[in-house]
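Colleague: generate a structure from the sequence data that follows.
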Amino acid sequence: MNALTVDRARALLRGGADPLAGAPSALERARVLCSWSESDPTVAAVGSTVAVHSLVSRPSMNGKVGVVVSANASTGRFGVRVAGEAKALALRRAMQWPANLQPAAEAVEVGRLILKATEWSPQSHELFPEPARKCAVEVMRLGYLIAWDEERFDSREGAAPELADVWRGFVLPRFASRLRVARLRVDEVDGTLERPNAARLAAEL
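Modeller: Numbering: from 1, shown residues only. Prediction:
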């Protein structure tokens with residue numbers, strides 16, 4: 001997620017990028033960024049985009065954004081590469097948070113966006129690829145047809161809204177999320193399912 005903007009992350013997700021690809025995956029890094037204060041930063045900080053602050057020895061570096069290139073659990077120090085600097089900065093941490101670095105705001109926003117896109121919901125619908133969004137709409141329509149099937153539910157007055165809610169809250173999220181993980185797409189010509197090459201998009205996450 002280095003130097004990845006929110007707009008770029010949104011475009012990648014909508015384009016079919018897989019947040020589960022890579023090691024560590026974009027999803028794993030997003031979780032670290034969004035809960036840094038709740039975890040040991042030395043465990044998974046390498047590769048994170050961070051902002052330098054409260055650095056007394058070199059105040060001119062405060063506010064600059066860099067990338068963590070190393071983390072030493074025994075010393076609690078991080079190596080942070082800042083553009084234009086010949087050597088990585090050695091920054092220390094205090095308690096759970098690093099004393100002289102914190103996740104860059106943009107990186108945290110990207111992380112939140114990736115976490116939001118891991119499971120389908122009406123709020124995350126726009127983050128899914130267009131084929132997945134179209135399939136989700138069709139599956140929702142199917143749910144409504146089943147819910148309002150008078151022959152099936154004529155003995156249960158009021159069952160339709162309940163079934164529609166279950167369909168939207170349970171069936172649809174799992175269907176759409178599995179569609180993203182499988183990286184399937186609906187071919188616009190004949191409606192068949194194919195596997196696209198999403199490696200380039202996934203790699204950027």
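Colleague: C-alpha only now, for contacts and for neighbours.
Modeller: OK.
Colleague: packing partners of the helix or strand harbouring Arg141?
Modeller: Assigning secondary structure by DSSP states H and E places Arg141 in helix 130-147. Secondary-structure packing of helix 130-147 (3 or more Cα pairs under 8 Å, 6 or more residues apart in numbering; DSSP states H and E): helix 159-166, helix 172-182, strand 185-186.
Colleague: so which bits of it are buried?
Modeller: 130-133, 135-136, 139-140, 143-144, 146-147 (16 or more other Cα atoms under 10 Å).
Colleague: for Arg8, state which of those residues is nearest.
Modeller: Checking those against Arg8 by Cα to Cα gives Glu130 as the nearest, at 16.1 Å.
Colleague: so what pLDDT did the closest one get?
Modeller: In the predicted model, Glu130 carries a pLDDT score of 81.
Colleague: same check, this time on Pro196
Modeller: Looking at Pro196, the pLDDT reads 39.
Colleague: buried sites along the longest strand anywhere in the chain?
Modeller: The longest strand of the chain (DSSP state E) is strand 65-72. Using 16+ other Cα under 10 Å as the test for burial, strand 65-72 gives 65-71.
Colleague: next, give me the two most distant ones among the residues you listed.
Modeller: Val65 and Ala71 (16.8 Å).
Colleague: break this protein into its domains for me.
Modeller: 6-114, 119-204 (automatic domain parsing).
Colleague: rank these by pLDDT, which is bottom?
Modeller: For these, where the average pLDDT is lowest is domain 119-204, sitting at a mean of 66.
Colleague: where do the strands sit along the chain?
Modeller: Going by DSSP E, the chain shows strands at 49-52, 65-72, 77-82, 89-94, 97-98, 101-103, 185-186, 193-194.
Colleague: the third one to strand 65-72, inter-axis angle?
Modeller: Spelled out, it's strand 77-82. Using axes from the mean of the first three to the mean of the last three Cα atoms, to 10 degrees, the inter-axis angle of strand 77-82 relative to strand 65-72 is 150 degrees.
Colleague: in its sheet, which strands sit next to strand 77-82, and in what direction?
Modeller: Strand 77-82 pairs in its sheet with strand 65-72 (antiparallel), strand 89-94 (antiparallel), by DSSP bridges.
Colleague: just the C-alphas of it, formatted as CSV.
Modeller: Taking C-alpha atoms only, strand 77-82 is exported to CSV below (Å, rounded to 0.1, in the frame of the first residue of the first chain):
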residue,chain,number,x,y,z
ARG,A,77,13.7,0.6,16.5
PHE,A,78,12.5,0.9,12.9
GLY,A,79,14.4,1.7,9.7
VAL,A,80,12.3,4.2,7.7
ARG,A,81,13.3,5.1,4.2
VAL,A,82,12.3,8.7,3.3
